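Chemist: no letters, just coordinates:
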């Protein structure tokens, strides 16, 4: 009787390295991990949480004849109504282009959407990676600007970045108008932009139009076809308001999942403070080692057979001194550093083995695998 | 359901049973409806397609299905009243070609002209019927404009929107080898990329490529230069000198397919989400990218906008989010040139 949906999910950032992020998992989004869901209890508006006037941004006037499609979704009654809908899509697509940015962090490529005049940028948590990461943003007008990852709520895949000050001659950034994911229902028309395959200056952003197929707390599903590189890009409603951010896909071309915008409102203050927390069901990062929490150093006591640590050649007795760019002082700091990664990410470890220093590269795994 | 409820009011015992049964039925229906709700709310819902259907029907006699050796390989667009049909060249095989019209009739056809640079073929249909050529419209559609891909008999094969303005798509065809010059200056294979055309053809490190399609190539640069002109999906005949146990060479001829480098480099998970694609998915002078979900054998047919204007012909399914159409402004001059060539050959 239960509607079981097994979705094979793939994150949408592309990593142009020999070893790519091929994060793929069978996870049951509807039934499992109910404890992970965070219900929206307050009537939160991102615009209020930001505490900054976001004025109109991408907002587009909607003709009276289209208001029912905007608020309830559905199918145009006549070809003329469909053409009116199409003209609305034209307007939103045009407005969406300037606030849709390509994001490059390390070797990974994804997207983001500017949401304030001051340059706050929403993205997916797995695109922003870790607080403090430096990012390059590729704007539709050809400019490349610097930004920094602030915080991320990984339990819903929401991430926040900020464009560094002083890069726009004091002018406001082009930005999206903020909508709400609360009134969303299946059948609504939506417009997605992004940079599938990564930013490409010969091409620019790619527009897709689809409809909302399902609304869940953790994600909304649409038939706006997405692929690697689209992660973090914006999804708009007919009024040109931002309603969600692209996150992950299943194998079927109609399995495209987006983070509802209200999660950003919920997490805004913590993300703005630079906090990162949680993990998406099925995406918990693991290294595969055990150690003593009370130890003065991060001594590896057990390496699980077949684990990422084992595959990378980590041995019992090794002392981890650095994990990526983080200094490791004890086992707890190692645990925290692993929690701040994504499955599939390759991390450089500096270890001490029998008094000699070695470098080992580990590909972070996913809890429940091997 | 109605009869169930009427019975509910008649007999207590049966009521309970029926009620439980009815509840089960309702729950089942509910689940089914949830399932359908999801499918139903897609942008290509039958009622959405119904709105577009009259546009496809208007041009039903101008679209054909193209078969090679009995298998459908492409769609075709009727472009001239004297029996010419435009289709996607690289999907044609050496098997006999037949085309199926809207009324289901099949007629033999043969290739009359080809244009490699945009992967077009003009085929001539051998039939004493009235051909209704499509009228192309060079109007350039805005981003997010609805596009209707039309199949044989005016059938809708997909609905999508314009995703990117017109641009050229460079081709990235690769044989899949890393070459150096050997001591005698011949092109020697250093490395073979797995799953490339070279790997499938059994080429291995140490092989010398000395001729391509029967023409001698004397160095690495010459071989590379020659291969550069090949589009993904095209096949080349390579003459290879392969070292044998007698410290000598065997001369072997192999056929290898050129493949797009993007396909060679992608991960298995990318391959899965991209789905079936055309081998020739790059190397076009000007395309409009759209998000219509097409099968690879559905290229060659016309694409209409919501006004019913034929704005181009589908030329490739290139990935999960990418289909390409050649705009009418490119098709028209190519068509005239190919028609001229084909008719001149007839005389």
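Modeler: Now that the structure is in, tell me what you want to look at. Since the structure is predicted, the reported quantities are computational estimates derived from the model, not experimental observations.
Chemist: poorly predicted segments of the stretch 101-250 of chain A, please.
Modeler: The model of the stretch 101-250 of chain A has no residue with pLDDT under 70.
Chemist: what's the distance between the closest residue to residue A:347 other than its chain neighbours and chain B?
Modeler: The spatially closest residue to residue A:347, leaving aside those adjacent along the chain, is residue A:324, at 4.8 Å (CB to CB, 6 or more residues apart in numbering or on different chains). Glycine gets a C-beta too; all of them are placed from N, C-alpha and C. Counting by CB to the nearest CB, to the nearest Å, the gap from residue A:324 to chain B is 23 Å.
Chemist: just want the most central residue of the chain.
Modeler: This is for chain A. residue A:124 (1.3 Å; CA atoms, centre = their mean).
Chemist: wait, I meant chain B there
Modeler: residue B:296 (3.3 Å).
Chemist: can you give me the pLDDT of that residue?
Modeler: Here the pLDDT value assigned to residue B:296 is 97.
Chemist: show me where the stretch 1-150 of chain A has helices.
Modeler: Secondary structure of the stretch 1-150 of chain A by DSSP state H, counting those that start in this stretch: the helices cover A:46-50, A:67-72, A:79-97, A:125-128.
Chemist: so which of those helices is nearest chain B?
Modeler: helix A:79-97 (3.9 Å; CB to the nearest CB).
Chemist: can you count the residues close to residue B:305?
Modeler: Neighbours of residue B:305 under the rule other CB atoms under 10 Å in any protein chain shown: 21.
Chemist: now residue A:115
Modeler: Residues near residue A:115, counting by other CB under 10 Å: 29.
Chemist: tell me the domain ranges of chain B?
Modeler: Split into domains by automatic domain parsing, chain B comes to B:55-169+B:276-346, B:173-260.
Chemist: OK, contacts around residue 302?
Modeler: Looking at chain A here, since you left the chain open. By CB atoms under 8 Å, 6 or more residues apart in numbering or on different chains, residue A:302 lies in contact with A:289-291, A:316.
Chemist: not quite, I wanted chain B
Modeler: By CB under 8 Å, 6+ apart, the neighbours of residue B:302 are B:59, B:62-63, B:77, B:134, B:149-150, B:310, B:312-314.
Chemist: then residue B:339?
Modeler: With contact taken as CB under 8 Å, 6+ apart, residue B:339 is in contact with B:79-80, B:84, B:113, B:122.
Chemist: got it, and residue B:154?
Modeler: Contacts of residue B:154 (CB under 8 Å, 6+ apart): B:53, B:56-60, B:63, B:102.
Chemist: go again with 6 Å.
Modeler: With contact set as CB atoms under 6 Å, 6 or more residues apart in numbering or on different chains, residue B:154 has these partners: B:56-57, B:60.
Chemist: please name the nearest non-neighbouring residue to it.
Modeler: residue B:60 (3.2 Å).
Chemist: now, which of the contacts of residue B:339 sits nearest chain A?
Modeler: Nearest member of the contacts of residue B:339 to chain A, counting by CB to the nearest CB, is residue B:79, at 26.9 Å.
Chemist: quick check: residues of chain B near chain A?
Modeler: With CB under 6 Å from any CB of the partner chain as the criterion, chain B meets chain A at residues B:31, B:38, B:41-43, B:47-48, B:51, B:142-144, B:146, B:161, B:163-164, B:267, B:269, B:272-273, B:291, B:293, B:306, B:320-321.
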